[in-house]
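# Using only what follows, build the 3D model:
(chains A, B, C and D)
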Number of protein chains: 4
Amino acid sequence: MAIVQVTIVPLGTGTPSVGEYVAAIQRTLEEAPEKVRYQLTPMSTIVEGDLDDLLAVVRRLHEVPFKRGALRVSTSITIDDRRDKVGTMEQKMASVAENRKRL
Amino acid sequence: MAIVQVTIVPLGTGTPSVGEYVAAIQRTLEEAPEKVRYQLTPMSTIVEGDLDDLLAVVRRLHEVPFKRGALRVSTSITIDDRRDKVGTMEQKMASVAENRKRL
Amino acid sequence: MAIVQVTIVPLGTGTPSVGEYVAAIQRTLEEAPEKVRYQLTPMSTIVEGDLDDLLAVVRRLHEVPFKRGALRVSTSITIDDRRDKVGTMEQKMASVAENRKRL
Amino acid sequence: MAIVQVTIVPLGTGTPSVGEYVAAIQRTLEEAPEKVRYQLTPMSTIVEGDLDDLLAVVRRLHEVPFKRGALRVSTSITIDDRRDKVGTMEQKMASVAENRKRL
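This next block holds a predicted model:
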């Protein structure tokens, strides 16, 4: 179980807007056969699941802007992989909230 | 107006847990005198406001783990700065949702 | 052909030094059966080759700190994938130098 | 003393090439009044110096694509800040090479 943050940026599209691309990425996530959970944020997409599943999904997401005509894509990924305990998105948020109470 | 995504990782702390540090970062955000809006995600903190204000806040956040004893800190920042229109966190999410309907 | 920048950070190791881990990552790169070229920089490792080969290599590199005892690993990847022309590491550096002369 | 890795990407420029922008960034670095050392790699620019100086330089670099007409800029920064010892670019490379011999 790992969590991966992904940001995919098409270059040279002629418009600074990327909402169309992010929407297509979201649809690809919805249709993913792998068992992954995901969350969109204003800056990236966060996916959670088995690391190999996540990387397979990210690999497909990276193709999305090319399918829509982009000639160059910059994809940034951060993998948070913890193996001493299960680190889900909820567990991480709960840990911060718990620590926040004690400060 | 810009949006900045920040991830701050202390190195060599002896424990893989970072919840304590993220909670201290959250407290520093709450107490920030600058006019910034923020949102915590399972992988990063997203702040929105005037870019110079955001960078001043990020500069302080970067010090938080050092104040708690860390000897090395890796801070990753992504700035999304759009100047042809106002790009708030809500506007970005709404643009994706709008595009999603049309796909 | 793509270029991928990778930074792999072990968390909670008890020491802020990571040279040992980076050296092990370098050895893994040297032994990679895939046809990839690589370059170490003070902040990351840059690999060039077929994107699927690169991702397979990065997947193995991500395991290196775990094999050396790390319990949590944060791996950051940036993929630069250009499909209108061949974008090698040398071509990119040459393009910048060429543009620099004209400025 | 810190090391900062910076990647600056203009969005919506109409061409997937960014060599012109990177060259202008390099010129801005050469003209920087702050005492910073820098190194260009095929994927990013690495700067070394006092952290506040580095952030001031990065702030100016971020403006470069806007001055050349870009309407949106995505700037990614990674700060490596170590305070138990002096961590220069050379020291980091030497530490990896030293560890590599022992593996």
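# Please, which helix or strand holds A:Asp52?
Assigned by DSSP states H and E, A:Asp52 belongs to helix A:51-67.
# Mind giving me the packing neighbours of the helix or strand just after that helix?
Note on helix A:51-67: by DSSP H and E, the next helix or strand toward the C-terminus is strand A:72-82. The helices and strands touching strand A:72-82, judged by 3 or more CB pairs under 8 Å, 6 or more residues apart in numbering or on different chains; DSSP states H and E, are strand A:2-11, helix A:51-67, helix C:51-67, strand C:72-82. (Glycine included, C-beta is placed from N, CA and C.)
# could the ones you listed go into a markdown table alongside mean pLDDT?
Output for these, formatted as a markdown table (pLDDT from 0 to 100):
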| stretch | mean pLDDT |
| --- | --- |
| strand A:2-11 | 98 |
| helix A:51-67 | 98 |
| helix C:51-67 | 98 |
| strand C:72-82 | 98 |
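# Adding mean neighbour count and distance to C:Val96, write the ones you listed out as TSV.
What follows is these, written out as TSV (neighbours: other CB atoms under 10 Å in any protein chain shown; distance: least, CB to CB, whole Å):
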stretch	mean neighbour count	distance to C:Val96
strand A:2-11	23	15
helix A:51-67	18	24
helix C:51-67	18	22
strand C:72-82	23	13
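# which one of the ones you listed lies closest to B:Val64?
Among the helices and strands packed on strand A:72-82, the nearest to B:Val64 by CB to CB is strand C:72-82 (17.3 Å).
# what's the closest of the helices and strands packed on strand A:72-82 to B:Ala70?
strand C:72-82 (14.4 Å).
# Hmm, A:Thr7 is touching A:Thr41, no?
No. Look at A:Thr7 against A:Thr41 with CB atoms under 8 Å: they stay out of range, at 9.6 Å.
# still on that earlier bit, now what about the helix holding A:Asp52, what contacts it?
Applying CB atoms under 8 Å, 6 or more residues apart in numbering or on different chains, the contact partners of helix A:51-67 are A:1-2, A:4, A:6, A:8, A:10, A:21, A:24-25, A:28-29, A:32, A:34-36, A:45, A:47-49, A:73, A:75, A:77, A:79, A:81, C:51-52, C:55, C:59, C:62, C:79, C:81, C:83.
# Pull the contacting residues for A:Ala32.
A:Val57, A:Arg60.
# Now it. Its backbone dihedrals?
phi -60, psi 130 (degrees, to the nearest 10).
# what's the distance between it and A:Thr45?
12 Å (CB to CB, to the nearest Å).
# again with A:Gln39
For A:Gln39 relative to A:Thr45 (CB to CB), the value is 7 Å.
# Could you do A:Arg60 as well?
In terms of CB to CB, A:Arg60 sits 12 Å off from A:Thr45.
# Then A:Tyr21?
Where A:Thr45 is concerned, A:Tyr21 sits at a distance of 11 Å (CB to CB).
# still on that earlier bit, looking at A:Gln39 and A:Thr45, which has the bigger crowd around it?
Set A:Gln39 next to A:Thr45 and count neighbours by other CB atoms under 10 Å in any protein chain shown: A:Thr45 wins out with 22 against 16.
# The more buried one and A:Ile25 touch, don't they?
Yes. A:Thr45 is within contact range of A:Ile25, at 6.6 Å (criterion: CB under 8 Å).
# Run through the residues of chain A sitting next to chain C.
Residues of chain A lying near chain C by CB under 8 Å from any CB of the partner chain: A:51-52, A:55, A:59, A:62, A:66, A:71-84, A:87.
# again, only this time at 7 Å
Applying CB under 7 Å from any CB of the partner chain, we find that chain A lies next to chain C at A:55, A:59, A:62, A:66, A:71-84.
# near chain D, which residues of chain A?
Applying CB under 7 Å from any CB, we find that chain A lies next to chain D at A:Val9, A:Leu11, A:Gly12, A:Thr13, A:Gly14, A:Thr15, A:Pro16, A:Leu71, A:Arg72, A:Ser74, A:Ser76.
# B:Lys101: which of those is nearest?
Nearest to B:Lys101 among the residues of chain A next to chain D, with distances taken as CB to CB, is A:Thr15, at 19.1 Å.
# sec struct for that closest one, please.
Secondary structure, DSSP: H, G, I helix; E, B strand; the rest coil: A:Thr15 is coil.
# Phi, psi for it please.
With angles defined as degrees, to the nearest 10, A:Thr15 sits at phi -140, psi 140.
# I'd say it and D:Gly12 touch.
Yes. A:Thr15 is within contact range of D:Gly12, at 4.7 Å (criterion: CB atoms under 7 Å).
# and those two? which has more neighbours close in?
D:Gly12 (19 against 15).
# got the contact list for that one?
With contacts defined as CB atoms under 7 Å, 6 or more residues apart in numbering or on different chains, D:Gly12 is in contact with A:Thr13, A:Gly14, A:Thr15, A:Pro16, D:Leu71, D:Arg72.
# Could you rerun that using 6 Å?
A:Thr13, A:Thr15, A:Pro16, D:Leu71, D:Arg72 (CB atoms under 6 Å, 6 or more residues apart in numbering or on different chains).
# Not including adjacent chain positions, what is the nearest residue to it?
Once flanking residues are discounted, D:Gly12 sits nearest to A:Pro16: 3.5 Å by CB to CB, 6 or more residues apart in numbering or on different chains.
# can I assume that neighbour is in contact with D:Arg72?
Yes. A:Pro16 lies in contact with D:Arg72 (CB atoms under 6 Å); the separation is 3.6 Å.
# Now do the shared contacts for the two.
With CB under 6 Å, 6+ apart, A:Pro16 and D:Arg72 have common neighbours B:Arg82, D:Leu11, D:Gly12.
# is it possible to export those residues to a markdown table including distance to C:Ala94?
What follows is the shared contacts of A:Pro16 and D:Arg72, written out as a markdown table (distance: CB to CB, whole Å):
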| residue | distance to C:Ala94 |
| --- | --- |
| B:Arg82 | 31 |
| D:Leu11 | 24 |
| D:Gly12 | 25 |
